[in-house]
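**Q** Sequence plus predicted model, see below.
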Amino acid sequence: MNANAIKLAAIAAFGLVGASAANAQTIQGAGATFPAPLYQRWAQEFGRETNIRVNYQAIGSGGGIKNITARAVDFGASDGPMNPTELASAPGVLHIPMVAGAVAVAYNVPGVPQGIKLTGPVVADIYLGKITTWNDPQITGLNPGVNFPNARIVPCFRADSSGTTAIFTNYLAKVSASFQGGPGEGKSIRWPVGFGGKGNDGVSALLRQNRGAIGYVEVAYANKNKLTYAHIKNAKGNFIEPSLESATAAAEGAKLPSDFRAFITNSMAPQAYPITGFTWILIYPDAKPEVKKFLTWALTTGQKSAPALEYAPLPEAVRTRALKAIGQ
Amino acid sequence: MSTQNLAPETLSHDALSKRDGNLVGRQFKNNLMLGLCIVAAGIGLLSLFLVLYFLASQGLRYMSWNLFTKLPDAVEPKLGGVANSLLGTLLLLLGACLFALPIGILGGIYQLEAKGPFANLVRFMTDVLNGIPSIVIGIFVYAVWVYPVSQSNPGKGFSVFAGAFALGIMMIPLIMRTTEEMLRLVPGTMREASLGLGATRWRTMWSVVLPIAKGGVITGIMLSLARVAGETAPLLFTILGSEFYPSMQPVNFLGMSFSIPVFNEPVDALPLRVYKYASGPDTDQNNQAWATALILISLVLIFSVAARFATKSNIEEK
């Protein structure tokens, strides 16, 4: 702290400091807000072990894809795989899966406890504007014993181009024909109802500020911000809480193609949380050695700190393949 | 009061009495307008006072030494600081000055001295530049600097250079205009005296006109710095943001070796940090946003006070 104070004073006063400053390498990354808490922790741990500084800016998956395409950053990050049009403008770009995470359906309804039960079609109808109050029979029917107020539902979504949106809408489109035929899926879609927030942070803030709000955020954000969230009925009919275990169950059952680009929502595993997705780091094959060193570290040592933040480590088979992809 | 000064010359008795009848109405109008002016000035002052008061009351509560000495902490936001953002803002302003000062001052001299259609065009274009929304300047710099540089140097496009370039573009018209105005205030007799003694136009400008206008020109520079220090929009597209101090690079200069911050890497800035922290859900970061905003306002205030000081010393010299 003291050294920093002196350094600050010196630079502020003279615009230069003594040659003692360590000449660390910095690599620049930007993208998804979904894994940002984990990436920032990785940056801190990796920075202590090596002399490489990892600067990760959470600007949203769309921004991450745009910036790696323009090579404005050393690595991008996204939780929705790049679509064919995006791939065409970034030839050769690699998707390296890092961890899997669950997207929680969080709500702020005074008097309603944590862990109400919801199904995919009900969530889809809420976002389609078909279910508009919290005491709608479709919601109360799933939750006998819970006293819902006659309050308006305020759906909240991501205003920016977002991988979290991609995972969420991919799931809704799978379970609701009218959602697929209406808004459809993607990183940025036209929502029929609701309010937009920027980043997982922005949606979390909307949820905290608005009574009756419902929104989708990465489960780490929901926990960090003490939001209440629902258990969602999965493909096998079980109501599952978004958690490390249920995200892991979804990831374990996943089959990934050779370029790792795939959604794993609505998993068939009995204990899997249905709104789960991988998050990828995007690099060009000619990325700097420091970047590859960081990714290799993240897929080995780094995986150990994922569970503490509620992210599911990669299944062993996927991890081995991912390491091989970096090495190429 | 002013009505009394309008002495009636050869007005008839009727006209005079009619005028007296108007006097009450005029005085009423006068007082009404005066009152409205006072109210308007009061509202202006009050809103400034309210902003400052609100910011100070919130910001001071969360102000801490850590803010000035520590980097942001991803794991424990409460223990983090914004030292990197403060440093980044100072670096950006330094870079913007290096770029905008010569162009702004020389441009101001040109606008004073040059006549003709081209000079008028330049003057008009300066005003247009002054009116361009700052976000557009950000996108422009992204297109001409960030993107092209990234193609040959991945990860080096977002940089102090790009941010300083964007802020500099915003400063140029401000400096140009104030420089021109200040030079125009220098009495023509001074200039003529210098020219009459056989000095060249260049010598007259450099040794006579500029030194007299110095205080005013510095005021213009300070005000333009205060103006751009709080800009967020042009930085969104140009500096990316950073969680670290700027990297240092050793240089050798005149046999001395020391380190200077590198200009070709992403950097953080106070307004960007306020935006990031204020819109987030983390209460500690929300609180730090207040304190950071207060730091930013103080910085702007320092520039404004410095501007005042520069003008004052100039007046005293005269």
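**A** Nice, thanks for sending it over.
**Q** Next, count neighbours for B:Ser259.
**A** 20 (other Cβ atoms under 10 Å in any protein chain shown). The way it works is simple: take the backbone N, C-alpha and C, and place the C-beta from them, glycine included.
**Q** Quick check: bridge partners of it?
**A** As for beta bridges, B:Ser259 partners with A:Val17, B:Pro250 under DSSP bridges.
**Q** show me the contacts for B:Pro173.
**A** When contacts are counted by Cβ atoms under 8 Å, 6 or more residues apart in numbering or on different chains, B:Pro173 touches B:Gly104, B:Thr126, B:Asp127, B:Leu129, B:Asn130.
**Q** from memory the last one sits against B:Met171, does it?
**A** Same thing as B:Asn130. No: in terms of Cβ atoms under 8 Å, B:Asn130 does not count as a neighbour of B:Met171; the distance is 10.3 Å.
**Q** So if I had to pick from those two, which one is more boxed in?
**A** B:Met171 (25 against 13).
**Q** Just the pLDDT for B:Lys145.
**A** Just to correct that, residue B:145 is Trp rather than Lys. pLDDT, B:Trp145: 95.
**Q** so who does it touch?
**A** Each residue near B:Trp145 by Cβ under 8 Å, 6+ apart is listed here: B:Gly157, B:Phe161, B:Ala162, B:Phe165, B:Thr238.
**Q** biggest separation within these, which pair?
**A** Maximum pairwise distance among the contacts of B:Trp145 (Cβ to Cβ): 11.8 Å, between B:Gly157 and B:Phe165.
**Q** If we ignore the residues flanking it in sequence, what's nearest A:Arg319?
**A** The shortest distance from A:Arg319 to any non-neighbouring residue, by Cβ to Cβ, 6 or more residues apart in numbering or on different chains, is to A:Leu299 (5.7 Å).
**Q** any idea how far chain B is from that neighbour?
**A** Per Cβ to the nearest Cβ, to the nearest Å, A:Leu299 is found 20 Å from chain B.
**Q** burial measure for that residue, as a count.
**A** Neighbourhood size, A:Leu299 [other Cβ under 10 Å]: 23.
**Q** what sits against it?
**A** Counting by Cβ under 8 Å, 6+ apart, A:Leu299 makes contact with A:Ile96, A:Met98, A:Leu314, A:Arg319, A:Ala322, A:Leu323, A:Ile326.
**Q** okay, now B:Phe99: neighbour count?
**A** When neighbours are counted by other Cβ under 10 Å, B:Phe99 registers 18.
**Q** do the same with A:Tyr221
**A** 27.
**Q** can you pull out the strands in chain A?
**A** Ranges of strands in chain A, per DSSP state E, are A:25-31, A:52-58, A:75-78, A:94-108, A:117-118, A:154-158, A:195-197, A:213-218, A:228-229, A:231-233, A:239-240, A:276-283.
**Q** Does anything pack onto the last one? Which helices or strands?
**A** So that's strand A:276-283. In this structure, strand A:276-283 makes packing contacts with strand A:25-31, helix A:61-69, strand A:75-78, strand A:94-108, helix A:163-175, helix A:244-252, helix A:289-299, judged by 3 or more Cβ pairs under 8 Å, 6 or more residues apart in numbering or on different chains; DSSP states H and E.
**Q** Mind putting the ones you listed into a markdown table with mean pLDDT?
**A** Putting these into a markdown table (pLDDT from 0 to 100) gives the following:
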| stretch | mean pLDDT |
| --- | --- |
| strand A:25-31 | 92 |
| helix A:61-69 | 93 |
| strand A:75-78 | 94 |
| strand A:94-108 | 95 |
| helix A:163-175 | 94 |
| helix A:244-252 | 91 |
| helix A:289-299 | 95 |
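**Q** Among these, which comes closest to A:Thr279?
**A** That would be, of the helices and strands packed on strand A:276-283 and by Cβ to Cβ, strand A:94-108, which comes in at 5.5 Å.
**Q** Could you check the angle the closest one makes with helix A:289-299?
**A** Interaxial angle, strand A:94-108 versus helix A:289-299 (axes from the mean of the first three to the mean of the last three Cα atoms, to 10 degrees): 50 degrees.
**Q** how close does A:Gly215 sit to chain B?
**A** Going from A:Gly215 to chain B by Cβ to the nearest Cβ gives 11 Å.
**Q** That residue against A:Arg208, yeah?
**A** No: using Cβ under 8 Å, A:Gly215 makes no contact with A:Arg208, being 10.0 Å away.
**Q** from the chain's centre, how far out does stretch B:45-53 sit?
**A** 20 Å (Cα atoms, centre = their mean, to the nearest Å).
**Q** Kindly report the residues of chain B close to chain A.
**A** Contact residues (Cβ under 8 Å from any Cβ of the partner chain) of chain B with chain A: B:68-71, B:74-75, B:83, B:86-87, B:90, B:94, B:146-147, B:150-151, B:154-155, B:157-158, B:240-245, B:247-250, B:257-261, B:265-266, B:279-282.
**Q** So for A:Ala19, what's the pLDDT?
**A** Here the pLDDT value assigned to A:Ala19 is 34.
**Q** Dihedrals phi and psi, residue 72?
**A** Picking chain A for this. Backbone geometry at A:Ala72, expressed as degrees, to the nearest 10, gives phi -80, psi -10.
**Q** let's do chain B instead
**A** According to degrees, to the nearest 10, B:Pro72 has phi -60, psi 140.
**Q** The one 10 residues further on too?
**A** Phi and psi for B:Val82, reported as degrees, to the nearest 10, are phi -130, psi 30.
**Q** cool, and the one 5 residues further on?
**A** As for B:Leu87, its main-chain torsions (degrees, to the nearest 10) stand at phi -60, psi -40.
**Q** can you check B:Met248 too?
**A** Dihedral angles (degrees, to the nearest 10) for B:Met248: phi -110, psi 150.
**Q** And B:Trp65, by the same measure?
**A** Main-chain torsions, B:Trp65, degrees, to the nearest 10: phi -60, psi -30.
**Q** ok, back up a step: in helices only, show me the contacts of B:Trp145.
**A** B:Phe161, B:Ala162, B:Phe165 (DSSP state H).
**Q** What segments of the stretch 1-150 of chain B are helices?
**A** Remark: helices assigned in the stretch 1-150 of chain B by DSSP state H, counting those that start in this stretch are B:2-5, B:13-62, B:65-69, B:83-113, B:117-131, B:134-141, B:147-152.
**Q** Near the nearest residue to A:Pro183 once chain neighbours are set aside, how many residues? Count them for me, please.
**A** Once flanking residues are discounted, A:Pro183 sits nearest to A:Ile189: 4.9 Å by Cβ to Cβ, 6+ apart. The tally of other residues near A:Ile189 (other Cβ under 10 Å) stands at 22.
**Q** who's in contact with A:Ile189?
**A** Contacts of A:Ile189 by Cβ under 8 Å, 6+ apart are A:Thr165, A:Thr169, A:Pro183.
**Q** do A:Lys226 as well
**A** A:Lys226 neighbours (Cβ under 8 Å, 6+ apart): none.
**Q** Can you give me the domain boundaries for chain A?
**A** In terms of domains, chain A is parsed into A:3-99+A:279-327, A:102-252 (source: automatic domain parsing).
**Q** least reliable of those going by mean pLDDT?
**A** For those, where the average pLDDT is lowest is domain A:3-99+A:279-327, sitting at a mean of 85.
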